[in-house]
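> 3D model of this:
(chains A and B)
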Amino acid sequence: MSGLADIGVRIVAAQDGLSGNGHALIHELDKRLERLAEQGATDAIDLRGLPLSAADLQMLEDFLGVGEIEARIDALGLTRVYETAYAGIWRVTYYSEDGKVVADVLEVTRQPGIITTPPGDVADACGRLREALGDLPPLPGRSTNNCEAS
Amino acid sequence: MNDDQTLEQALLRQGVSRRAFLKYCAALASLMAMPASAAPALAEGLAKARRPAVIWLSFQECTGCTESLTRSFYPTLETLIFNMLSLDYHETLMAAAGFQAEAAREAAMARNHGKYLLVVDGSVSTGLDGSYSTVAGHANVDTLKRAAQGAAAIVAVGTCSSFGGIPKANPNPTAARPVSDIVHDKPIINISGCPPIPEVITGVLAQYLTFGAIPELDEHRRPRIFYGNTIHDRCYRRPFYDQGKFAKTFDDEGARNGWCLYELGCKGPTTYNACATVKWNEATSFPIQSGHGCLGCSEPDFWDKGSFYKPLSTPTWSDRAPLAAGAVGGLALGVAAAAVARHRQKRITEEQ
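Purely as a prediction, here's the structure:
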């Protein structure tokens, strides 16, 4: 076998790789941010659903920059959330348990839903907290740690 | 999970948090090409869903569709069958066999009458009263008719059950038919492809589960979210077509430069599927990216449409969407190039 090296393959790269779609997306974000500021309307853009080249994505990242908050959520794999330099525009990237990107979204909102505590979790936590509290010795002067009984 | 629990209750019991569930829905929305803002509504719908019973019947097929399904990356098959569906009968995946398996199917059909989802892969033989293909002594055609009676909807997975596929190819010795030729009184969703993209199979099932309704279908009963565009429309080599840059053989300069494969018989312009966007093997690649033209496997009678390596002989007008002026320019170049290529191929054949 002569080997794969004998097969001449030449990759022809585009000049700068920019399709113009990244630029157009920033205009879209401008309009949506205006709606958030004036009407409180939230929105989200799925970056994987758009024809963006690697260069487009890089341009978008560089343009939007990084703001004050970054969070990492560990639930069924990692989720990385950060606010861009433009307050109200968040980048939310969801990874699978083996580290592959499964969704990549720009959210125009004051707080991405994935960070907010789900109401059901609050109710569950309340029950668990009381249960755990029951295992501690009672405070001086109280006969029980049970919230409901007090 | 028992069938009365909602999906949210079941997942919480398994230690899957509500946040993880919301994340799962965001990924699902992205896969299903829904607006990203729809993820919370999807999560709400899915949380309340009760998993439907699924009965999967395999007829004249090669098991490629099931092979494909087991490679679904997101949602994985495990997520689907352990959390979202109750897969009550699948000859390849279930442990039971023989009388025990048949009894399980009958029991599941009776218990969920009118509510179960019937999934079919493989074409249905109708020749010699269906005796070309039988399971447990019953002709496939009879099994299908009986199982269809109690089904809420039927999902035909693969080109064989959707359109007849390879068993129906000329001269069709077993008189193979698609499911839609046999069953006329139930909603049918066709997920064509030979095989279909794994994420498309799981995505359609997840979507049905979420909304409890049939998605919007095209004229071949395929869900528009996955089959709404041609491979050509979404192909990363499309700009070369528009510029009239074509590979003429599989080893020429054009092929090395990654130019359009239209002249080498690519059926991308007439094939509706999601290969160019969802891709295969965890979105690694798809045939055109690997340097081979599309075979058109998700279209009816793809096997009988002439050589895979002859350029399309008809203009690639889409009868559903007007083409942009730029694309029409490219189209003219493409049609002319195809005529020249056919002539050259004929000459090569004659010389041999």
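
> B:A153: helix or strand, and which one exactly?
strand B:151-157 (DSSP states H and E).

> Mind listing the strands that strand pairs with, and their directions?
Paired with strand B:151-157 in the same sheet, following DSSP bridges, are strand B:116-121 (parallel), strand B:188-191 (parallel).

> after the shortest one, next one along is what?
Sequence-wise, the next helix or strand downstream of strand B:188-191 (DSSP H and E) is helix B:198-211.

> Give me the helices and strands touching that next one, please.
Using 3 or more Cβ pairs under 8 Å, 6 or more residues apart in numbering or on different chains; DSSP states H and E, the elements in contact with helix B:198-211 are helix B:18-31, helix B:39-48, helix B:64-69, strand B:116-121, strand B:151-157, strand B:188-191, helix B:224-227. No exception for glycine: its C-beta is placed from N, CA and C like everyone else's.

> That helix to strand B:116-121, inter-axis angle?
If you take axes from the mean of the first three to the mean of the last three Cα atoms, to 10 degrees, helix B:198-211 sits at 170 degrees to strand B:116-121.

> quick check: angle from helix B:198-211 to helix B:39-48?
70 degrees.

> buried sites along helix B:198-211?
B:198-210 (16 or more other Cβ atoms under 10 Å in any protein chain shown).

> ok now do residue 91, which residues does it touch?
Assuming you mean chain A. A:E61, A:L64, A:R80, A:V81, A:Y82, A:T84, A:D104, A:V105, A:L106, A:E107 (Cβ atoms under 8 Å, 6 or more residues apart in numbering or on different chains).

> think we crossed wires, I meant chain B
Residues in contact with B:E91 (Cβ under 8 Å, 6+ apart) are B:W56, B:S58, B:A101, B:V135.

> and with 10 Å instead?
B:E91 is in contact with B:W56, B:L57, B:S58, B:T63, B:T66, B:A97, B:A101, B:R105, B:V135, B:A136, counting by Cβ atoms under 10 Å, 6 or more residues apart in numbering or on different chains.

> Next, count neighbours for the nearest residue to the fifth one once chain neighbours are set aside.
With Cβ to Cβ, 6 or more residues apart in numbering or on different chains as the measure, B:T92 is the residue that lies nearest to B:T66, at 5.0 Å, once sequence neighbours are left out. Applying the criterion other Cβ atoms under 10 Å in any protein chain shown, we find 13 residues in the vicinity of B:T92.

> what about B:T92, is that helix, strand or coil?
Following DSSP: H, G, I helix; E, B strand; the rest coil, B:T92 is assigned to coil.

> picking that back up, now the strand holding B:A153: mean pLDDT?
Averaged across strand B:151-157, pLDDT comes to 95.

> Tell me the confidence at the nearest residue in space to A:A85 that is not next to it in sequence?
Leaving aside its chain neighbours, A:A85 sits nearest to A:G65 (3.3 Å; criterion: Cβ to Cβ, 6+ apart). A:G65 is assigned a pLDDT of 97 by the prediction.

> Quick check: A:G65 vs chain B, distance?
21 Å (Cβ to the nearest Cβ, to the nearest Å).

> what's the answer for A:L139, then?
Taking Cβ to the nearest Cβ, one finds A:L139 at 31 Å from chain B.

> likewise A:A41?
For A:A41, the distance to chain B - Cβ to the nearest Cβ - is 10 Å.

> Nearest residue to that residue in space, please, no chain neighbours.
Using Cβ to Cβ, 6+ apart and skipping residues adjacent in sequence, the residue nearest A:A41 is A:R35, 4.4 Å away.

> Three-state assignment for the spatially most central residue of chain A, please.
Taking Cα atoms, centre = their mean, the centroid of chain A lies closest to A:V92, which sits 1.9 Å from it. Classification of A:V92 using three-state DSSP returns strand.

> From the chain's centroid, how far away is stretch B:254-264?
Taking Cα atoms, centre = their mean, to the nearest Å, one finds stretch B:254-264 lying 26 Å from the centre of the chain it belongs to.

> Next: stretch B:242-249.
Computed by Cα atoms, centre = their mean, the chain-centroid distance of stretch B:242-249 equals 29 Å.

> First-to-last residue distance for it?
End-to-end span of stretch B:242-249 (Cα to Cα, to the nearest Å): 19 Å.

> Likewise for stretch B:224-238?
Across stretch B:224-238, the terminal residues are separated by 21 Å (Cα to Cα).

> in that stretch, what's buried?
Under 16+ other Cβ under 10 Å, the buried positions of stretch B:224-238 are B:225-235, B:237-238.
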